[in-house]
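Visitor: any chance you could fold what I've pasted below:
(one chain, ligands or ions: 2)
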Amino acid sequence: MITELARAHTLPSRFYTSEEAAAREREQVFASSWQYVGPADRVAAPGQFLTAVVADEPVLVVRGEDGVLRAMSNVCRHRASFVACEAFGTARRLKCPYHGWTYGLDGRLKGTPEFDGVEDFDTASMRLPEIPVQVHGPFVFVRINGDEALCIPGFLEHLAPHAAGLRHARQVAYEVGCNWKVYVDNYLDGGYHVAHLHPGLHGVLDYPRYYCELHDGWNVQVSPLRAEERPRGKAVGDVRHGDTAYYYWLYPNFMINCYSGLMDTNRVVPIDVNRCVVLFDYYFPEGTQQEKVDRSIEVAGHIQDEDKDICEAVQRGLKSRWYDTGRYSVRRENGQHQFHQMLIQNSAR
Ligand code: FES
Ligand SMILES: [Fe+2]
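Guide: Residues are numbered from 1 along each chain as shown. Ligands and ions are numbered 1, 2, ... in the order given. Below you'll find the model as predicted:
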């Protein structure tokens, strides 16, 4: 592995800049993998729902009155509006905001105002198409195509002690002007950029002991935290503490950051070849004071701004006539290499 890594080159820049690569990934990566869509505790009770976009498909996940969790298309069968528009909600019926068609929580079409006299109209076949959904630990996943199982051996056991007792508190969306892979690459550089880009975060991490452990389908960057933060780490240290930080990545686009008593997840969703949205889901112990939640999210927002600026610069740089591929740091960038290898394997099928 080390030899391979020592000799390897990063993905050619056309992977990040061409419409063809983006279209191929939509089908072969995003539509053909289990995609995290939201926190399981937001769809625990009958009537609770969440929405997401997967491989450009609007998707709705809802807990039925019968207690069954279902995922379905969130596109109205009348004129293709979104049926549910909020990220999270609770409903007894799903009512399309456009012309008021209503669907049951199981996706069956229930109401079609002012539709008497329409011929060859089969209500039963006009339900919202269902897609596979699974819950793993605190997370809900859906899959658009194929029936392969989610393969992340050892991940849930590794995560469990860090996620125990946490509940979803808030979702925050950041739009970033880069290809989705630039954002993931930045996450998977084994802390290489932290000292240069995030002085606050650097102040709390014990960087020399930071390493990335590779597993089948996922990896985890483990960073011991300093017993005493450096002066510039004060603001971060106030809200990010514990012995060790764990930064998990699940192929292709799902990341989970764990500190003591705090977890946030990042889901990177492509908008087009040059833009993505990063959805942060923040988890805290039940009953955490609002002020602490706000301060913690504010600190994460500063780090996110630093990452956003550099990712947008990289996206512009990738279009340079003089740049095509780069190299990997053997000490730091093994996780990024794993990501690229999986991507090549999966999008060459
Ligand atoms: S688009 Fe939904 S009711 Fe018309
Ligand atoms: Fe960063």
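Visitor: switch to C-alpha atoms for all contacts and neighbour counts from now on
Guide: Fine.
Visitor: so who does the spatially most central residue of the chain touch?
Guide: For the chain, the residue nearest the mean C-alpha position is Arg267 (1.4 Å; CA atoms, centre = their mean). Residues in contact with Arg267 (CA atoms under 8 Å, 6 or more residues apart in numbering) are Tyr36, Asn253, Phe254, Met255, Val278, Leu279, Phe280.
Visitor: how many neighbours does the third one have?
Guide: It refers to Phe254. Applying other CA atoms under 10 Å, we find 20 residues neighbouring Phe254.
Visitor: excluding chain neighbours, what is closest to it?
Guide: Arg267 (4.8 Å; CA to CA, 6 or more residues apart in numbering).
Visitor: confidence score at that neighbour?
Guide: Looking at Arg267, its pLDDT is 98.
Visitor: that one pairs with what?
Guide: The partner list for Arg267 in beta bridges (DSSP bridges) reads Phe254, Leu279.
Visitor: is it true that Asp120 lies in a helix?
Guide: No. Asp120: not assigned to a helix; according to DSSP: H, G, I helix; E, B strand; the rest coil it is coil.
Visitor: how near is it to Val75?
Guide: 21 Å (CA to CA, to the nearest Å).
Visitor: my guess is His202 contacts Val194, does it?
Guide: Yes. Taking CA atoms under 8 Å as the definition, His202 is a contact partner of Val194 at 5.9 Å.
Visitor: of those two, who's got more company?
Guide: When neighbours are counted by other CA under 10 Å, His202 comes out ahead of the other of His202 and Val194, with 22 against 19.
Visitor: pLDDT value on that one, please?
Guide: With respect to pLDDT, His202 scores 87.
Visitor: any idea which helix or strand carries the residue nearest to it when sequence neighbours are not counted?
Guide: Take His202 and drop its neighbours on the chain: the residue closest to it by CA to CA, 6+ apart is Ala195, 5.4 Å away. Counting by DSSP states H and E, the element that carries Ala195 is helix 194-197.
Visitor: next secondary structure after the worst-scoring helix or strand of the chain on mean pLDDT?
Guide: Ranked by mean pLDDT, DSSP states H and E, the helix or strand of the chain with the weakest confidence is helix 234-239, at a mean of 61. Where DSSP H and E defines the elements, the next helix or strand beyond helix 234-239 is strand 244-250.
Visitor: give the pairing partners of that next one; include direction for each.
Guide: Short version: by DSSP bridges, strand 244-250 pairs with strand 218-224 (antiparallel), strand 254-259 (antiparallel).
Visitor: give me the buried positions along that strand.
Guide: Neighbour counts over strand 244-250 (16 or more other CA atoms under 10 Å) mark Thr244, Ala245, Tyr246, Tyr247, Tyr248, Trp249, Leu250 as buried.
Visitor: ok, and what's touching it?
Guide: Strand 244-250 has contacts (CA under 8 Å, 6+ apart) with 152, 188, 217-225, 255-260.
Visitor: need the buried ones from those selected in ChimeraX.
Guide: Buried residues among the contacts of strand 244-250 (16+ other CA under 10 Å), as a ChimeraX selection:
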select :188,217,218,219,220,221,222,223,224,225,255,256,257,258,259,260
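Visitor: which ones among the contacts of strand 244-250 also lie next to ligand 1?
Guide: Among those, proximity to ligand 1 is found for none (CA under 6 Å from any ligand atom).
Visitor: okay if I get the strands paired with strand 244-250 as JSON lines plus mean pLDDT and distance to Tyr16?
Guide: Output for the strands paired with strand 244-250, formatted as JSON lines (pLDDT from 0 to 100; distance: least, CA to CA, whole Å):
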{"stretch": "strand 218-224", "mean pLDDT": "96", "distance to Tyr16": "22"}
{"stretch": "strand 254-259", "mean pLDDT": "96", "distance to Tyr16": "18"}
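Visitor: what ranges do the strands span in the stretch 101-250 of the chain?
Guide: With DSSP state E, counting those that start in this stretch, the ranges of strands along the stretch 101-250 of the chain come out as 102-103, 109-111, 130-131, 133-136, 139-142, 166-176, 211-215, 218-224, 244-250.
Visitor: which of these sits closest to Gln304?
Guide: strand 166-176 (8.4 Å; CA to CA).
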